[in-house]
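In: Sequence first, then the predicted structure, then my questions.
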Amino acid sequence: MADKKKPEWAPEKSGDEFASHILPASAISVKRKGDVSRKRIILSLEQLNEGIKKGDRSVLAQAITLIESNSSVHITKAQELLKTIIPLSGNSIRIAVTGAPGAGKSTLIETFGNYLCSLGHKVAVLAIDPSSNRSKGSILGDKTLMESLSGQKNAFIRPSPSSGTLGGVAKKTRESILLCEAAGFNVIIIETIGVGQSEITARSMVDFFMLILMPGGGDELQGFKKGSVELADCIVINKADGQTLQLANITKNSYEQAVHYILPATEGWQTNVLTASSFNSTGFDKIWETILKFTKITKESGIFEHRRKEQTIEWLHSMLEDKLKQDFYHHPEIIKNKSHVEEAVLKGELTPTHAVEQLLKLFYKI
């Protein structure tokens, strides 16, 4: 029987509506028959493989969690999984979407994703979130910003913390792309933080690069950065609606003239400049038509396949550099002597160049 206790501030003649019901410990600890445990079930390699082939989104999410793990056991299991699914991958168009914070990337992606789902496509969004310096987890949680798209049965959204990776593109994004493709998603969208280096990294793993810009804001080319625009296969002036519609069209015309003065991002393709409105859901048919046209032209010319091969080799070199860096800093002699060498540099006893030579000699045991 639960004890009843009223707080001191309760009215003098009040009933049990202000009372707290205190249950005995036994009542709390008893597990009812039929209760389902919330403990996460760890799937086997075979179960992951089968689930991905069936397009099971919950299995896909667990597979991506597996490849993001730094545990040596998980890394081995993840690589075995990737071996089995690679023959099923590659049948998608990979799209990077980037732009400065505030350009409306997440809203645009959600509207575009819903449009593609309405056409019968399966859309996977890999949103790279900034990482917290304290928890190392995602800060923005882009999945919460795409509530409508996340409810689509043909959509999969995965926010991943950048975890300090240069430029904010998650270290295992390439593997995640392969898993999504194996699960039957034929449109893969990579959303980057939009902080410069992320754009260059994203360019190295996608087929089509889309730069999102806002209407002028006083200077039609205020957002013009040659380094960003020269990576883009398509520039989309977002928020082309209401009072900013005219300004968006002016900005579009300005960029159409500007892109003629830079080299195209893709051989045989002229960078397109379009407008779109997530609020009115307009412009997305033209964006998709542009992507389909790009895919057709680059596949016929061989550029599409050539770029993917180059990206695979670049991926190999990137992983090799990461492995060498990891082995270097975990080497016993480096761990033992690094702080002493750093101190000598600070005291002026060693130049950074000589310090590097000393540490490398210890690493290679010269």
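Out: Ah, there it is.
In: okay, now the domains of this protein?
Out: With domains defined by automatic domain parsing, the chain comprises 46-304, 314-364.
In: JSON lines please, covering these and showing mean neighbour count and mean pLDDT.
Out: Any C-beta I mention is one placed from the backbone N, CA and C, and that applies to glycine too. As requested, the domains of the chain are exported to JSON lines (neighbours: other Cβ atoms under 10 Å; pLDDT from 0 to 100):
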{"stretch": "domain 46-304", "mean neighbour count": "18", "mean pLDDT": "85"}
{"stretch": "domain 314-364", "mean neighbour count": "12", "mean pLDDT": "93"}
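In: Please identify the helix or strand for Ile95.
Out: Using DSSP states H and E, the element containing Ile95 is strand 93-98.
In: In this protein, mark out all the helices, start to finish.
Out: 25-29, 45-53, 57-68, 72-85, 105-118, 147-150, 173-182, 197-203, 226-229, 245-258, 284-301, 303-329, 332-346, 352-364 (DSSP state H).
In: how far off helix 72-85 does the third one point, in degrees?
Out: In other words, helix 57-68. 120 degrees (axes from the mean of the first three to the mean of the last three Cα atoms, to 10 degrees).
In: do the same with the last one
Out: On the basis of the same axes, to 10 degrees, helix 352-364 is oriented at 80 degrees to helix 72-85.
In: Just the CA trace of helix 352-364, in CSV.
Out: Extracted as CSV, the C-alpha positions of helix 352-364 are listed here (Å, rounded to 0.1, in the frame of the first residue of the first chain):
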residue,chain,number,x,y,z
PRO,A,352,61.0,22.3,-35.1
THR,A,353,62.7,20.8,-38.1
HIS,A,354,65.3,19.0,-36.0
ALA,A,355,62.7,17.9,-33.6
VAL,A,356,60.7,16.2,-36.3
GLU,A,357,63.9,14.4,-37.5
GLN,A,358,64.6,13.2,-34.0
LEU,A,359,61.0,11.9,-33.5
LEU,A,360,61.0,10.2,-36.9
LYS,A,361,64.3,8.5,-36.1
LEU,A,362,62.7,7.1,-32.9
PHE,A,363,59.7,6.0,-34.9
TYR,A,364,61.6,4.3,-37.7
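In: which other residues reach that helix?
Out: By Cβ atoms under 8 Å, 6 or more residues apart in numbering, the residues outside helix 352-364 that reach it are Phe328, His331, Glu333, Ile334, Asn337, Lys338, Val341, Glu342, Ala344, Val345, Leu350, Ile366.
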